[in-house]
Each structure stands twice: as structure tokens, then as C-alpha cells.
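Engineer: got a sequence here, can you build the structure:
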Amino acid sequence: MTAGRLTFGAQRIRVVILIIVGFLLLAYAVYRVGKIFDVFASRYALVTTVNSVAGLREGAPVTLAGQRVGQVKTIDFIPVERKVGDENLVLVLDISEEVQDQIRRDSRAYLRAQGLLGDKYIDISSGTAASAVLGPMDTIITVPTMDIEAFMARGGAVLDSASRMVADLRQITGGLVRGEGTMGQLLTNDVLYGRMVSVTAQLQSTLEGFNNPNGTFGRMMRDPALYNRLVATVGRVDSLGQAVMRGQGTLGKLIGSDDLYRSLFGTVSKADTAISNLSATINRVTTAGGTLQKLTTDPELYDEFLKAVVDLQTMIADIRNNPKKYMPNVQVRVF
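Structural biologist: Prediction:
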């Protein structure tokens, strides 16, 4: 009887020990889970506004530089009368106070996905020391990011462009295969190929002629005599230019001496004086009351001059007709 009681008591002790160990393991597991998900940390709230959460849910993780520091507490619609811009939703983020010093005015929140098709979460970038720390219920700016739908839409547009490009390339290569266009003819026309070979052969023959040391171009490229003559000619031209600049010879005198300039200036001055005198003479002759001026403007003087001319013509005609009338009566007596 006593042995049975001892056996029953040992079993109860074992059960109690197992229960205690189970509670200890459960407590440790809760502690580790809370540590991982930061459940027992002191928290403060930050606010951000977005146009669309695109699959983000309440309780979604909030990370700071990739490390989990909190979760999305609430997601609510912004009243219509309080909307600013195109923001539709306000999010309250529950953040651990241990990292409050890392989140500042220049920090930004990004809506990201865990993998290509994973759940959405909020990732916050660390701020700099030059900016102030965000306090409870302060607003952090959310930067729009490309979600999977926009990515797929852009990928579809890229694929459409690639398909059109492949179709264009297929059309171009088809034309080349059919011998269309210049490139097609080059690829398929044997006659054009033969002409190109002939032209290449002629060009090669011409280049061989240029490279012939006995030809004109060959001697120009290999014989230094022409080069020496050119150098000598340039030297003569240079010496001629120096002589001219020193005032030697006629051209040098023309460039370096001002005697010719002075002579030409004196001649021009004399010509100018003569022209001035002629102009003054003409002015005196043609001034009001002058002879020429009266001849050109006075009709009475013109009439008298015309009458004198007519009388002179009449007298000359009369002399021709009756010359004796105008001969003097000369009597010669001989004693």
C-alpha cells in the first residue's frame, strides 16, 4: 500500500514537472515572439497619408532600414472635406520608442511588397542629424512606389514594343532575302557583286600605280627632291617678304616709305583746289545777271541774238548774189 502511494506520488510529480516545463517553454516562446515582433516595447504613433494602400492591411509590419520596428495600427478614409491633393487614406503607424531618434523630418515612408507577390509593408528610411526628430502623431511623408500592377502594365507595354520591333525586323530581313532595296541587291544580285569586285580590282590597280616608285605620285611620295625644292621656294618667298618689310626695292618703298603717299596727297589737294576754282567760275558765270545766265533765261536777249544771226545770214547771201554791190568804187587815173 505504501509502495503504491509512492508510485502515484512520483507520477504526479512528473506531471507537475512537465506542466512547469511546458509553461516555461511557452513563456520563452511568447518572449521570443514578442521580441521578434517587438510586442512588449513602448510605442508612439506616426501618421502618413497615401492615395491607395494597394493590398496593405492593418497589422502589417513597419520596418526601419529593413529592421522591423512596429506595425500598421489603423487604416482609415480621409473625410472628403479634409482631403488635400489626391490622398485618400490616413495610416497610423505604431512605432517602437527605441528607434524614435532615427526617424526625422527628412525620413520617408515607402509602401513595399515582400517579394514579387508577397504581402505589403511600410519601410521607413533613416533621417539625418540635421533634421528634427518626429514626435508622436507627427506626419511622415510617403513616397509613391511602383506596385505590381503598374509594373505588369509597364512590362506589357515593353513587350508590345518588343513585339513590334521584332515584326519590323522580320519585315526588313524578309525584304533583304527577297532582294529588295540596295542592301537586298547587294546580298542577292550576282551582277552587282561582280561590278563591285571589278571596281575593287580597278581601285587596287590605281593604288598600285600610285605606289609605283617610277610614277609621278610615287616619286612625289618617295623622292625628296620635290620636298627640297619646296623648302627652297618657301625660303626665297620668306627672304623676299623680309626684304619688302625692310623697305628694299620698289614694293618695299611703297610699303615702308610715305613719300608716295605725300605726293599723292599733294596731287589730290591740287586737284581739289582746281575743282574748287572751276566750280567758283561756273558759279560766277551762271549767277543771276551773268551772260550765260541771261542767255539761258532772258527771252529778249535770245530774240536779239537770233535776229542778229538772221541778219548776218541775209547779208552773206546778198554778198554772194551781188558781190559788186559791196565792192568799193575805185578810180585809177594815169597821168
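
Engineer: the least confident helix or strand in the chain by mean pLDDT: what's the following helix or strand?
Structural biologist: Between all helices and strands in the chain, the lowest mean by mean pLDDT, DSSP states H and E belongs to helix 291-297, at a mean of 63. Later in the chain than helix 291-297, the nearest helix or strand by DSSP states H and E is helix 299-321.

Engineer: so which other helices or strands are in contact with that next one?
Structural biologist: The helices and strands touching helix 299-321, judged by 3 or more CB pairs under 8 Å, 6 or more residues apart in numbering; DSSP states H and E, are helix 291-297. C-betas here are computed from N, CA, C, even on glycine.

Engineer: count of neighbours near residue 138?
Structural biologist: As a burial measure, residue 138 scores 16 neighbours (other CB atoms under 10 Å).

Engineer: leaving out the residues flanking it, which one is nearest to it?
Structural biologist: Nearest residue to residue 138, sequence neighbours excluded (CB to CB, 6 or more residues apart in numbering): residue 46, at 6.2 Å.

Engineer: ok, that neighbour touching residue 96?
Structural biologist: No. Here residue 46 does not reach residue 96: they are 11.2 Å apart, not a contact under CB atoms under 8 Å.

Engineer: higher neighbour count, the two?
Structural biologist: residue 46 (25 against 19).

Engineer: looking at this, the more buried one is in a strand?
Structural biologist: Yes. Assessed with DSSP: H, G, I helix; E, B strand; the rest coil, residue 46 lies in a strand.

Engineer: and the gap between it and residue 274?
Structural biologist: 104 Å (CB to CB, to the nearest Å).

Engineer: three-state assignment of residue 72?
Structural biologist: strand.

Engineer: residue 56 too?
Structural biologist: coil.

Engineer: residues touching it, list them.
Structural biologist: 72, 75, 91, 111, 120-122 (CB atoms under 8 Å, 6 or more residues apart in numbering).

Engineer: can I get those in CSV with neighbour count and distance to residue 320?
Structural biologist: Converted to CSV, the contacts of residue 56 look like this (neighbours: other CB atoms under 10 Å; distance: CB to CB, whole Å):
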residue, neighbour count, distance to residue 320
72, 21, 143
75, 16, 141
91, 24, 139
111, 23, 134
120, 18, 139
121, 19, 141
122, 27, 139
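
Engineer: biggest separation within the residues you listed, which pair?
Structural biologist: Pairwise distances across the contacts of residue 56 (CB to CB) peak at 12.9 Å, for the pair 75 and 121.

Engineer: now do the strands in the stretch 101-250 of the chain.
Structural biologist: 108-113, 120-124, 138-139, 141-143 (DSSP state E, counting those that start in this stretch).

Engineer: quick one: work out the angle between the first one and strand 120-124.
Structural biologist: Angle between the axes of strand 108-113 and strand 120-124 is 150 degrees (criterion: axes from the mean of the first three to the mean of the last three CA atoms, to 10 degrees).

Engineer: rounded mean pLDDT for strand 108-113, please.
Structural biologist: Regarding strand 108-113, the rounded mean pLDDT is 89.

Engineer: repeat for the second one
Structural biologist: Average pLDDT, strand 120-124: 91.

Engineer: please apply the same query to the last one.
Structural biologist: For strand 141-143, the mean pLDDT works out to 90.

Engineer: now for that strand, which elements pack on it?
Structural biologist: Partner elements for strand 141-143 (3+ CB pairs under 8 Å, 6+ apart): strand 43-50, strand 108-113.

Engineer: okay, those strands in a markdown table with distance to residue 142 next?
Structural biologist: A markdown table is the format used below for the helices and strands packed on strand 141-143 (distance: least, CB to CB, whole Å):
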| stretch | distance to residue 142 |
| --- | --- |
| strand 43-50 | 5 |
| strand 108-113 | 4 |
